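Colleague: I need the structure of the sequence given here:
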Amino acid sequence: MPKLGADVASQVDEAEVQDFSPLPVGIYPCVLREVEVKEGKKAPYWNWEYEVIPGHEYAGRRFWNVTSLSPKAAFKMKETFEAFGVPTTTDTDELVGSVVNLEVIMRTIQEGDRAGQQANQVAKVLPYDGEVADDDEEPF
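Modeller: Predicted coordinates for the structure are as follows:
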């Protein structure tokens, strides 16, 4: 039987348990953490990772939004850039740390280990019109 060494056990003891339960349907102010390019079956796609801003009831919770580079999905990519208020030629590295609103809905997972469970899904990326807390810390 395996057993954790003292140093690893100490790290495990100090780890914060993540809450992956879905949040209520709504609009959440979120900061962009990163954008990753992935290869899809039909076209490449971008995986946008967001985090609810500090000071919000659900601060720190994360959402992911996928935008395909397929011509049929171009409207979603345009929606995202418009929410940030920048041209579509903007490098996403320049957007990291920027805040937008995410319209979050509930969906039922269709396949995999979590099939049948409820999960959040980003329905729309919207401009953020509020103010971000004024402190010297990074938003994430």
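
Colleague: Quick check, pLDDT for Gly85.
Modeller: At Gly85, the model reports a pLDDT of 97.

Colleague: likewise the one 4 residues further on?
Modeller: Confidence at Thr89, expressed as pLDDT, is 96.

Colleague: Ok, Cys30 next?
Modeller: For Cys30, pLDDT reads 97.

Colleague: where are the low-confidence patches of this structure?
Modeller: 17-19, 131-140 (pLDDT under 70).

Colleague: and the longest strand belonging to the chain, what does it pack onto?
Modeller: Longest strand of the chain, by residue count under DSSP state E: strand 26-38. Secondary-structure packing of strand 26-38 (3 or more Cβ pairs under 8 Å, 6 or more residues apart in numbering; DSSP states H and E): strand 45-52, strand 62-68, strand 99-108. C-beta: built from backbone N, CA, C; applies to glycine.

Colleague: Identify the residues contacting the helix or strand just after the last one?
Modeller: Same thing as strand 99-108. With elements assigned by DSSP states H and E, the helix or strand that comes after strand 99-108 is strand 118-127. If you take Cβ atoms under 8 Å, 6 or more residues apart in numbering as the criterion, strand 118-127 is touched by 22-23, 27, 48, 50, 63-65, 79-80, 82-85, 100-109.

Colleague: related to what we said a few turns ago, right, and the helices and strands packed on strand 26-38 - which one's nearest Gly5?
Modeller: strand 62-68 (30.3 Å; Cβ to Cβ).

Colleague: That closest one: partners in the sheet, and parallel or antiparallel?
Modeller: strand 45-52 (antiparallel) (DSSP bridges).

Colleague: Now do the strand it pairs with and strand 99-108, the angle between them.
Modeller: 110 degrees (axes from the mean of the first three to the mean of the last three Cα atoms, to 10 degrees).

Colleague: heads up, I number from 51, so please use that
Modeller: New numbering, starting at 51: the last item is strand 95-102.

Colleague: quick one on the thing from earlier: please list only the buried members of the contacts of strand 168-177.
Modeller: Trp98, Tyr100, Phe113, Asn115, Thr130, Ala133, Phe134, Val150, Asn151, Leu152, Val154 (16 or more other Cβ atoms under 10 Å).
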